[in-house]
Structure formats: structure tokens, C-alpha cells
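K.L.:
Got a predicted structure plus its sequence, pasted below:
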Amino acid sequence: MIAGADGCKTGWIAVLRDGAETVARIFAHFEQLVDALPDDAVIAVDMPIGLPERIGRGGRGPESLIRPLLGQRQSSVFQIPSRAAVYAERGLFENANELRDAHARASTVARQTSEPAKSVSIQAFCLFPKIREIDRLLIDRPELHARVIEAHPELAFWRLNGERAMSLPKKIKGKVNPAGMEERKTLLESQGIPRDLLEGLPPKGVGEDDLLDAAAMLLIAARHAQGLAIPFPDPPHADAHGIPIAIWA
């Protein structure tokens, strides 16, 4: 059994494959997804895994390696800061002003723990709660390091598309781009993802693009389980807790 997962408003959307059956399910917490699967199940997730204590010119490492492969899709690869920056602000923000101020404080920590000094984008900052959720789990349960792997949808599509970047964006100015979605649905279907799953109405709190990304993650999990996935970098780096730092494809 394998799974591909992506964060969503209601928690995590996962596309699961058990034999010939492929289904989509929602989990409120990532640990619930892990515990719902057998102890040897591979899970590929669209979320940064492994946090360095300091960030150098190449960032964590994987991002700078995969961006050149993605052409016009490389803007989807966010720069992730140090562990201290990711954990700097853990509260719930009541309004846009609180979010803005927390982002500014986290950016200060990011600059203090990077060389050259670099702030964090608001897009990356909004991922921090999900990043912390997986990070704490992998610190507490190191046996998961070998089978909970980081992947990235556009790198996954690059690999599935014969190592060619997708020609169309999934979204334009924050709105779903039907042509870009269809390009990806056709590719996923050619790789064995049922068309009715891709065309079905996503569960509440799940974006249509989230579902496609989770399906792409499933295919990378399958490659990893078969020993066919490749890590960027190769071999993977590791953070202070021994958590691997690599994006798999």
C-alpha cells in the first residue's frame, strides 16, 4: 500500500493505492494518515521535510537543484528557511495584521540564520504549521525517515512527463487554469490514475489542484517503493535530527 499526500484547508488530502484500488481520503492530521497505513507503506508528501539549523547560499539544497528543471514552473518551488525560523511563530492569527506581523518576525529569524541573509516569502510562511506537523512526527518517530519522503508536484510531473516541464500552469493569478489542469489530468491518467477520481468533485476543503498534486505524489511513492525514484540531492543531506533532506522524483 502506498500514498501521496498534500496539505489542504481541512488537513491533508491523500490518494491511496491498495492493490488495484485507488481512492482519495481526508485526514485531519498527518499522523492519522501514517497510522492508517501498514508499517511498510511509502508516503510521498508535498511538504518540505528536513530543516537545517542554518541556510547557506543554496538554501536547504534540493530547491536550487530542481528549479532549473522546471522552466516556467520553477516559481512553485519555495525557499524554506532554518528550523528556528519555521518554529519562530506558532500561534493562531486572528486577522491579516497579526499574520503580517508574525511573518515579519519569522523573517527576522530567517535572516539571522542564513548567509547571505534572506527573508521568507509569505507563501512559505503559510506552510509552516504543516511543516512543523511533519517535522515533530519525524523527530519523535525516526523509523518513518525511510518511508515518509518529500516530493514536489511540478518535479513529479516533470519526471512523469519524460523529464520535461509541464507547458501550462495549474493556476493563473490564484485561479485554476482549466487547460493546465487538463494537461496534468491526461498525464496522470496515462500513468494509471483513474479518470473518475481526477474528475470527481474534491472533498470539502480540498482544492481541485490539491487532489491532482496528491495523485502525482502517489506515483512518486510508487516509484520509491519500486526503487526507481531519484533524490535531489543524491545522496540526500540530513538535518541535526537525522531527517533526510531531499526532494524525490
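P.N.:
Done, it's in. Residues are numbered from 1 along each chain as shown.

K.L.:
Okay, the residue nearest to the spatial centre of the chain and residue 219: tell me how far apart.
P.N.:
Residue closest to the average C-alpha location in the chain (C-alpha atoms, centre = their mean): residue 46, at 1.5 Å. Separation of residue 46 from residue 219 (C-beta to C-beta, to the nearest Å): 12 Å. The C-beta positions use only the backbone N, C-alpha and C, and glycine is treated the same way.

K.L.:
do the same with residue 230
P.N.:
14 Å.

K.L.:
quick one: which of those two has more around it?
P.N.:
residue 219 (26 against 12; other C-beta atoms under 10 Å).

K.L.:
just checking, the more buried one touches residue 157?
P.N.:
No. Counting by C-beta atoms under 8 Å, residue 157 is not a contact partner of residue 219; they are 9.5 Å apart.

K.L.:
List the residues that contact the residue nearest to the centre of the chain.
P.N.:
Listed by C-beta atoms under 8 Å, 6 or more residues apart in numbering, the contact partners of residue 46 are 5, 6, 7, 151, 152, 153, 213, 214, 217.

K.L.:
which SSE is the second one in?
P.N.:
The one in question is residue 6. Assessed by DSSP states H and E, residue 6 sits inside strand 2-8.

K.L.:
Please apply the same query to the last one.
P.N.:
When secondary structure is defined by DSSP H and E, residue 217 falls within helix 208-225.

K.L.:
now the angle between helix 208-225 and the helix or strand just after that helix, please.
P.N.:
Of the helices and strands lying after helix 208-225 in sequence (DSSP H and E), the nearest is strand 231-238. Between strand 231-238 and helix 208-225, the angle comes out at 80 degrees (axes from the mean of the first three to the mean of the last three C-alpha atoms, to 10 degrees).

K.L.:
which helices and strands does strand 231-238 pack with?
P.N.:
Judged by 3 or more C-beta pairs under 8 Å, 6 or more residues apart in numbering; DSSP states H and E, the packing partners of strand 231-238 are helix 62-66, strand 244-248.

K.L.:
rerun that using 10 Å as the cut-off
P.N.:
Taking 3 or more C-beta pairs under 10 Å, 6 or more residues apart in numbering; DSSP states H and E as contact, the helices and strands that strand 231-238 lies on are helix 62-66, strand 148-151, strand 244-248.

K.L.:
Could you tell me how far the following helix or strand past the second one lies from the centre of the chain?
P.N.:
What that stands for is strand 148-151. For strand 148-151, the succeeding helix or strand toward the C-terminus, using DSSP H and E, is helix 153-160. Centroid separation between helix 153-160 and its chain, computed with C-alpha atoms, centre = their mean, to the nearest Å, is 12 Å.

K.L.:
Beyond helix 153-160, next helix or strand please.
P.N.:
Downstream of helix 153-160, the next assigned helix or strand under DSSP H and E is strand 171-172.

K.L.:
From the rest of the structure, what touches that next one?
P.N.:
Strand 171-172 has contacts (C-beta atoms under 10 Å, 6 or more residues apart in numbering) with 76, 177, 179, 180, 181, 207, 208, 209.

K.L.:
report the angle between the axes of the following helix or strand past the strand holding residue 6 and strand 2-8?
P.N.:
Where DSSP H and E defines the elements, the next helix or strand beyond strand 2-8 is strand 11-18. Here strand 11-18 runs at an angle of 160 degrees relative to strand 2-8 (the same axes, to 10 degrees).
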